[in-house]
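Peer 1: compute the structure for the input listed below.
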Amino acid sequence: MDGSFGELLRECRVAAGLSIGQLAKRVHYSKGHLSKVENDLKPPHDSMARLCDSALDAGGRLIEAARAVRDRAADAGLTLDRRQVLVAGTGTVLGMALAGGPRPVPDERVVAGMRTSFEHLRVLGMQTSPVVVLEPLIALVRTVHALAHENPKPIKARLLLLAARIAEYTGWMNQEAGDEQQALSWTRHASELAQAGGDREIASYAFVREAGLALYRQDAVGTVELAWQAQRVDLASPRTLALAARREAQGHALAGDRSAFDRALDRAVELLDASTPDTGAYPVLGSTAPDPVELARGWSLCDLGRTDESAAVLNRELARLPVTSRRSRARFGARLSLAHALAGEVDQSCVTLAGTLDDAAHVDSATVRTDLRELARTLGRWHNHGAVREVYPELRRVLRQRY
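Peer 2: A predicted model of the protein is given here:
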């Protein structure tokens, strides 16, 4: 990037024919704050850069420039070798066996019982802290995997696929617990198990999950590239391809590329419409929300600075989520409150937040706290506002909470 972020912001503002005061009103930041950013006395924050990029129609240049500033300031980024399949802590590799020697070949009721155990843990994971379910998930995937190793086909393949599905969800719960390295390790192990079981579906979805990790690192390029890899896996179902296109769209939004975002999301809609219910030997992959693509649309419109549109979509889709889906309600409720705050609708943001914090407290999610921290920073600009003063103590409590 030639020049500083402040110089680019000034150049875009002048090109748009706006005074610094006019821009301040559009993005709901003070004139003094923007002046300091333009003069490189304050570093740009990502959300401010997104709002300015949208208001000035900068085509993602301000978003990228803010990211460059952040990257230069970081001491070191997270680097993970894509060839690393397992790290200490998963405790499971292909070829493991149960202690005490071989077991009888499990019949249909045993396999169904282990699948039911997993589904119960997944339901519990929707409503409580990931630390509550991680230990039983790890024990279950080890047991199923070991049984697969000890038994012949076709039962072996069925057990490997079930173990892969449990491993994939274990990765997700590790991400929710804030352990990205373990999340990545379990996700890659899931892919390994699925391919050993003769199915490429989870292998494709594993890239979708990795793209989600990149998304929460604010890595737009990594998100898009991993989503592309998911779409290049042979024999992936239309539903998994739809979830990959959805993740690709979120990456484009993070980069401020509106056209690419719209194209990818349209492709996700088409693929999801063409998908059929999963009747395979393992539970359905990915989101169980009524319309995961529309939820992603609402999420990403906020990243694109189109905060009013984001709030409208998220408000509609949140009403469709069942009350038992506390993790999803917390995640998208926090994003809805953030969209309202970034749009300058402080009272509505606080009302929404008050209804979200109980869910957020119960699910204890590292990813939800990412948005809540951004929301706390945004609402802090109105710290003397009555509604903000009322909700802020509970927001701080949830942000400090650890199970």
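Peer 1: do a quick rundown of the helices in the stretch 51-200 of the chain.
Peer 2: 61-73, 108-125, 130-150, 155-176, 180-196 (DSSP state H, counting those that start in this stretch).
Peer 1: on contacts alone, who are the packing partners of the first one?
Peer 2: Under the contact criterion of 3 or more C-beta pairs under 8 Å, 6 or more residues apart in numbering; DSSP states H and E, the helices and strands touching helix 61-73 comprise helix 5-15, helix 46-55. For the C-beta atoms, the positions are set from N, CA and C on the backbone; glycine is no exception.
Peer 1: now the angle from it to helix 5-15?
Peer 2: 170 degrees (axes from the mean of the first three to the mean of the last three C-alpha atoms, to 10 degrees).
Peer 1: how many residues are close by the nearest residue to Pro106 once chain neighbours are set aside?
Peer 2: In this structure, Pro106 finds its nearest non-sequential neighbour in Leu147, 6.1 Å apart by C-beta to C-beta, 6 or more residues apart in numbering. Residues lying near Leu147 (other C-beta atoms under 10 Å) number 24.
Peer 1: so Leu147 sits against Leu140, correct?
Peer 2: No. In this structure Leu147 lies outside contact range of Leu140 using C-beta atoms under 8 Å: 10.8 Å.
Peer 1: walk me through the domains of this structure.
Peer 2: Structural domains assigned to the chain are 5-73, 289-403, following automatic domain parsing.
Peer 1: for Pro136, see how far away Ser117 is.
Peer 2: Separation of Ser117 from Pro136 (C-beta to C-beta, to the nearest Å) stands at 8 Å.
Peer 1: for Ala339, same thing?
Peer 2: 36 Å.
Peer 1: next, count neighbours for Pro106.
Peer 2: 19.
Peer 1: same deal with Val123?
Peer 2: Counted with other C-beta under 10 Å, residues neighbouring Val123 total 14.
Peer 1: what sits against it?
Peer 2: Thr324 (C-beta atoms under 8 Å, 6 or more residues apart in numbering).
Peer 1: what about 10 Å?
Peer 2: The contact partners of Val123, taken as C-beta atoms under 10 Å, 6 or more residues apart in numbering, are Val133, Thr288, Thr324, Ser325.
Peer 1: and for Asp364?
Peer 2: Contacts of Asp364 (C-beta under 10 Å, 6+ apart): 128-132, 176-178, 327, 330, 398, 401-403.
Peer 1: circling back to that earlier point, reformat the helices of the stretch 51-200 of the chain as CSV; add mean pLDDT and distance to Leu272.
Peer 2: Formatted as CSV, those follow (pLDDT from 0 to 100; distance: least, C-beta to C-beta, whole Å):
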stretch, mean pLDDT, distance to Leu272
helix 61-73, 85, 27
helix 108-125, 90, 21
helix 130-150, 92, 27
helix 155-176, 92, 19
helix 180-196, 90, 21
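Peer 1: among those, which is the most enclosed?
Peer 2: helix 155-176 (a mean of 25; mean count of other C-beta atoms under 10 Å).
Peer 1: packing partners for that helix?
Peer 2: Packing partners of helix 155-176 (3 or more C-beta pairs under 10 Å, 6 or more residues apart in numbering; DSSP states H and E): helix 108-125, helix 130-150, helix 180-196, helix 201-216, helix 326-342, helix 366-379.
Peer 1: right, so of those, which gets closest to Leu23?
Peer 2: Of all these, helix 326-342 sits nearest to Leu23, with 14.6 Å by C-beta to C-beta.
Peer 1: circling back to that earlier point, in a markdown table: the helices and strands packed on helix 155-176, plus distance to Leu314.
Peer 2: Converted to a markdown table, those look like this (distance: least, C-beta to C-beta, whole Å):
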| stretch | distance to Leu314 |
| --- | --- |
| helix 108-125 | 22 |
| helix 130-150 | 23 |
| helix 180-196 | 25 |
| helix 201-216 | 17 |
| helix 326-342 | 4 |
| helix 366-379 | 12 |
